[in-house]
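> Can you look at this prediction? I've put the sequence above it.
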Amino acid sequence: AQSVTQLDSQVPVFEEAPVELRCNYSSSVSVYLFWYVQYPNQGLQLLLKYLSGSTLVESINGFEAEFNKSQTSFHLRKPSVHISDTAEYFCAVTPPHYNTNAGKSTFGDGTTLTVKP
Amino acid sequence: GAGVSQSPRYKVAKRGQDVALRCDPISGHVSLFWYQQALGQGPEFLTYFQNEAQLDKSGLPSDRFFAERPEGSVSTLKIQRTQQEDSAVYLCASSLGASSINEQFFGPGTRLTVL
């Protein structure tokens, strides 16, 4: 069984401030980790993912997330946010491809990031 | 190319009615997923197909829910005798390969309201 907890349902920040969106997970097996973003009136889209290797992964628009196995966390950070980053962010875990439950992703309840001018 | 499309975008049903929700995945995508998203919550896994094979349906909440993908492309999620607790957004996603390392591409969802 696996679960995902996003510790903050709403995060308001001012433009150009740093932000961290927290994600903790639990799983009886190793998992792949994902962050998805949903902009207003749009579908979910992948922001970044951790499969293996370097624990720090980056997106093309300046977000990064670090996999911490000992703390079972995958927090999302950005050093300076823009108004256009206003969206809902979902953390998700998926069993690896060799697991019989490989297709079964578990999502957190989301964090609404609101960037104010 | 076109993304994942879902129809209808909105559906209002009277309690007890049957509904059918359609998903058109990205052409050539092997894997297809259905999720249920209640208000204020994240997507909850319902079922998963690889081509026409339904590999996991452990998330379907009851035997009133049924999904199919007969030709390995378009998929339909059917809900029989709808109940108020079925009200939610139903999301479909597809991915290119069979492996869970692949990115899932999501459709816009169908918002189902059961009165």
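Here it is on my side, so go on.
> tally of neighbours for B:Ala13?
17 (other CB atoms under 10 Å in any protein chain shown). Placement of C-beta: from N, CA and C, glycine included.
> For it, list the residues it contacts.
B:19, B:82, B:112-115 (CB atoms under 8 Å, 6 or more residues apart in numbering or on different chains).
> same check, this time on A:Cys23
Applying CB under 8 Å, 6+ apart, one finds that A:Cys23 lies in contact with A:4-7, A:33, A:35, A:73-76, A:91, A:108.
> Pairing partners for it in the sheet, please.
A:Cys23 has these beta-bridge partners by DSSP bridges: A:Gln6.
> A:Ser54 versus that one, what's the distance?
18 Å (CB to CB, to the nearest Å).
> and what of B:Pro43?
B:Pro43 is 27 Å from A:Ser54, by CB to CB.
> secondary structure element for the residue most central in space within chain A?
Closest to where the C-alpha atoms of chain A average out (CA atoms, centre = their mean) is A:Trp35, at 3.1 Å. According to DSSP states H and E, A:Trp35 maps onto strand A:32-38.
> Show residues contacting that strand.
Outside strand A:32-38, the residues that touch it by CB under 8 Å, 6+ apart are A:23, A:25, A:44-51, A:59, A:63, A:65, A:67, A:74, A:76, A:87-96, A:105, A:107, A:110, B:100-101, B:106.
> neighbouring contacts of the helix or strand hosting A:Arg77?
Using DSSP H and E, A:Arg77 sits in strand A:73-78. Surrounding strand A:73-78, the residues in contact under the criterion CB under 8 Å, 6+ apart are A:18-25, A:33, A:35, A:47-48, A:50, A:62-68, A:85, A:89, A:91.
> try 6 Å this time
A:19-24, A:33, A:35, A:62-65, A:67 (CB atoms under 6 Å, 6 or more residues apart in numbering or on different chains).
> Then stretch B:49-67?
A:103-104, B:30-32, B:34, B:45-48, B:69, B:72, B:77-81, B:98.
> how about the residue minimising distance to the centre of chain B, secondary structure?
For chain B, B:Trp34 is the residue whose C-alpha lies nearest the centre (CA atoms, centre = their mean; 3.3 Å). At B:Trp34 the chain is in strand, as set by DSSP: H, G, I helix; E, B strand; the rest coil.
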